[in-house]
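Asks: no FASTA, just this:
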């Protein structure tokens, strides 16, 4: 299986897991806060839907119409998409468990979208994580060298990250250790410090709290 084929398989598997999770939520849970600041579950789910339906042409048209302001485009698209009902959002995410369309970005970025935003929803609600370890490790390898759309590379500079539930480590310096998913979320600038430990945690916390 080629790298790209394997990547899309992971994306499709995680979208299926996300759709299953979203379908299980109560109406009250759809209005709950998430780790994505300012967005409730409905808005994050709508963003996951928009990302799964994105294409190069649609992305560029939206970027131009927003004055090349990525955050403005993203927020506008999400709030428009959130007019869809929860059941429609779930159905549209499920419809993207076989397609390979994407914005002008590596396919791996689509995996990061679903893993991070799925956790944005699950963690505050206390929903058990069922993300595959392969997907978590692939996200760690992607984020460690990337500063867009989140400043992951800058956030972890000068630190050694070590997964406690997998054979993965990266970097040199004071250590930040914890489960692979907690490291992914830290690199995505979500502070899940309860499950991280080590001499580098305070440094990491300071960077994320700026």
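Replies: Yep, that arrived. Bear in mind that the values here come from a model prediction, so they are computed numbers and not experimental data.
Asks: contacts, neighbours, all on C-alpha from now
Replies: Fine.
Asks: Stretch 166-184 - what's its average pLDDT?
Replies: The pLDDT scores in stretch 166-184 average 96.
Asks: Kindly report the same for stretch 53-61.
Replies: 84.
Asks: which residue ranges form the helices in the protein?
Replies: 3-23, 27-30, 41-53, 56-65, 70-81, 86-94, 107-125, 133-143, 152-156, 180-187, 201-208 (DSSP state H).
Asks: Indicate which one of the ones you listed is closest to residue 195.
Replies: With respect to residue 195, and counting by Cα to Cα, the nearest of these is helix 180-187 at 6.7 Å.
Asks: Show me what that closest one is in contact with.
Replies: Helix 180-187 is contacted by residues 116, 133, 136-137, 139-140, 143-144, 151-153, 155-156, 161, 163-166, 177, 191-193, 195-196 when judged by Cα atoms under 8 Å, 6 or more residues apart in numbering.
Asks: same thing but 7 Å
Replies: 116, 136-137, 139-140, 143, 152, 155-156, 163, 165-166, 191-192, 195 (Cα atoms under 7 Å, 6 or more residues apart in numbering).
Asks: For the residue nearest to residue 205 when sequence neighbours are not counted, give its distance to residue 133.
Replies: Spatial nearest neighbour of residue 205, excluding adjacent residues (Cα to Cα, 6 or more residues apart in numbering): residue 191 at 7.1 Å. Separation of residue 191 from residue 133 (Cα to Cα, to the nearest Å): 20 Å.
Asks: more neighbours, these two?
Replies: More neighbours surround residue 191 than the other of residue 191 and residue 133, with 18 against 13 (other Cα atoms under 10 Å).
Asks: how close does that one sit to residue 181?
Replies: From residue 191 to residue 181 the distance is 12 Å (Cα to Cα).
Asks: Equivalent analysis for residue 20, please.
Replies: On the measure of Cα to Cα, residue 20 and residue 181 end up 19 Å apart.
Asks: of the two, who's got more company?
Replies: residue 181 (25 against 14).
Asks: Apart from its chain neighbours, what residue comes closest to residue 35?
Replies: Per Cα to Cα, 6+ apart, closest to residue 35 is residue 120, 4.6 Å.
Asks: no wait, residue 129
Replies: Going by Cα to Cα, 6+ apart, residue 129 has residue 122 as its nearest residue, at 6.9 Å.
Asks: pLDDT score for that neighbour?
Replies: 96.
Asks: Can you give me the neighbour number for it?
Replies: 20.
Asks: Which segments of this structure make up each domain?
Replies: Following the assignment in automatic domain parsing, the chain carries domains at 3-125, 133-208.
Asks: Contact partners for residue 98?
Replies: Counted by Cα under 7 Å, 6+ apart, residue 98 has contacts residue 12.
Asks: so how far is residue 92 from it?
Replies: 12 Å.
Asks: ok, residue 196 - contacts?
Replies: Applying Cα under 7 Å, 6+ apart, the residues near residue 196 are 176-178.
Asks: Run through the chain and note the low-pLDDT ranges.
Replies: 1-2, 192-194 (pLDDT under 70).
Asks: residues in contact with stretch 71-78?
Replies: Contacts for stretch 71-78 (Cα under 7 Å, 6+ apart): 43, 46-47, 62-63, 66.
Asks: repeat that for 6 Å
Replies: With Cα atoms under 6 Å, 6 or more residues apart in numbering as the contact definition, stretch 71-78 has outside contacts at 46-47, 66.
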